[in-house]
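Enquirer: Dropping the sequence and predicted coords here.
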Amino acid sequence: MAGKADSLLPAEIVPAFRPLLPTAAQLLPYLQRIDVARLYSNHGPLAEELEARLRSALKLSNAYLLTANSGTSALVGGILATSGRANSARPYALCPAYTFIGTASALQQCGYRPHLVDIDQASWQLDPQRLLDHPLLGQVGMVMPVAPLGRPVPIEGWLKFQQQTGIAVVIDGAASIEAMLRDSARYVGEIPVALSFHATKVFATGEGGALLNSNPDILRKAYQTLNFGFMGSRESRTASINGKMSEYHAAVGLACLDDWPQRIADYAAVNAGYREAFAAADIQRPLHLGPDIASNYAVMECRDAAESTAIASALGAAGIESRLWYGLGLQQQPVLHDIGRDALPMTENLAPRLLGLPMAPDLGLPTIKQIVKTIRVFLEAKSL
Ligand SMILES: *Cc1c(COP(=O)(O)O)cnc(C)c1O
């Protein structure tokens, strides 16, 4: 790969992320069920089966799970089912600056003005304790903590926050399904949490998501808000969107679950490959992998923003893509240029340094070694 930079074909570029979803052959039995049932959406049998299988995998005995057509829709369902649309007395929603734009987009769709808060240095997340004396709290209608890079959000602190402040909390759990599979009691309960099943996540339906909560009333309300406000009739009785998962996406989810042990093993092998290659090359930088974060991310913590930029371009010159998964933080997104924010020293420090290295469930060891060698050569040239 290296040394052929002037004749790079797309196939020779190592993408920042290369999804691998179930094949047509794996999908076929499910698609044939759709042909027979002639049900294509609206909580059909495949979506219901996917919900049941996910609940069982997550050991959610008294907690519930509702599919949605994206993680962002699941967030909207969680917001509309709890605080509802923003009102003039409490127009603000607090969310971290270190996240994907979908977090803020869901809040804005529900009428909130996102206000960006800094993250904690160790957890990369909002700290519920620190938010208790936030000066805006009297005008805040919603708080949305985020599981950054799949590092899960424990609900306990947020339950206390909600009880103390009366402010609704919905967690953007995004890519944190693996942590939930390990210990759902810690991450699923009375605070609604949304998951994304986007093609880039470990559990993927192409587009899709789910809302998880132990309160059946909240789940029922979310079901209604994600189906035009309908519930048992065609009268719309609440603010709503069309957030339902189609049967075709549910088919992908079911095929993905059929293959789950293999998928987890594949990602684990890639994670192990990175871990060993970094150790062998003696790269003195933290490398964040599963299970600390989701196993679909390999994130190198560079010393500073300049090093991160330089490594990204050294990789780029070798045909290897990399990615700052959340850019430099939401404060840098043009669409959010006029929203309020706290001082964001930790986001500004971390976001440019957390460099996402290429990831795919079938990323080969030779490619991983090539990536790590490119980084090693760069650091050596700089005598670092
Ligand atoms: C993936 C992701 C989303 C968006 O989910 P979609 O399923 O693409 O709508 C939102 N927030 C975070 C943090 C994500 O990683």
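Expert: Thanks, I have the structure now.
Enquirer: In contact with S123: list those residues for me.
Expert: By Cβ atoms under 8 Å, 6 or more residues apart in numbering, the residues touching S123 are R151. All C-beta spots, glycine's among them, are computed from the backbone N, C-alpha and C.
Enquirer: helix/strand/coil for it?
Expert: Classification of S123 by DSSP: H, G, I helix; E, B strand; the rest coil places it in coil.
Enquirer: where do the helices sit along this structure?
Expert: Remark: helices assigned in the chain by DSSP state H are 24-37, 45-57, 71-81, 101-109, 128-131, 156-165, 177-182, 184-187, 216-225, 247-258, 260-280, 305-317, 345-350, 365-381.
Enquirer: got the angle between the second one and helix 247-258?
Expert: Counting by axes from the mean of the first three to the mean of the last three Cα atoms, to 10 degrees, helix 45-57 points 30 degrees away from the direction of helix 247-258.
Enquirer: buried ones in helix 45-57?
Expert: Using 16 or more other Cβ atoms under 10 Å as the test for burial, helix 45-57 gives L46, A47, E49, L50, E51, R53, L54, R55, A57.
Enquirer: quick one: that helix to helix 260-280, angle?
Expert: Put simply, helix 45-57 runs at 60 degrees to helix 260-280, going by the same axes, to 10 degrees.
Enquirer: Looking at helix 45-57 now, give me its mean pLDDT.
Expert: In this model, helix 45-57 carries a mean pLDDT of 97.
Enquirer: That one - contacts with which helices or strands?
Expert: helix 24-37, strand 64-68, helix 247-258 (3 or more Cβ pairs under 8 Å, 6 or more residues apart in numbering; DSSP states H and E).
Enquirer: what does the fourth one give?
Expert: Judged by 3+ Cβ pairs under 8 Å, 6+ apart, helix 101-109 is in contact with helix 71-81, strand 92-96, strand 113-117, strand 171-174.
Enquirer: Could you do the first one as well?
Expert: Contact here means 3+ Cβ pairs under 8 Å, 6+ apart; on that basis helix 24-37 packs against helix 45-57, helix 247-258.
Enquirer: outside of the shortest one, which residues touch it?
Expert: When you say that, I think you mean helix 247-258. With Cβ under 8 Å, 6+ apart, helix 247-258 has contacts from 21-22, 26-27, 30-31, 33-34, 37, 39-41, 44-47, 49-50, 53-54, 57, 67, 69, 197, 203-208, 245, 263.
Enquirer: do the longest one as well
Expert: In this structure, residues lying in contact with helix 45-57 by Cβ under 8 Å, 6+ apart are 30, 33-34, 37, 39, 41, 63-67, 181, 210, 244-247, 250-251, 253-254, 257, 260.
Enquirer: one step back: now distance to A175 too, for the buried residues of helix 45-57, in a markdown table please.
Expert: Listed next are the buried residues of helix 45-57 as a markdown table, based on distance: Cβ to Cβ, whole Å:
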| residue | distance to A175 |
| --- | --- |
| L46 | 23 |
| A47 | 21 |
| E49 | 23 |
| L50 | 18 |
| E51 | 19 |
| R53 | 19 |
| L54 | 15 |
| R55 | 19 |
| A57 | 16 |
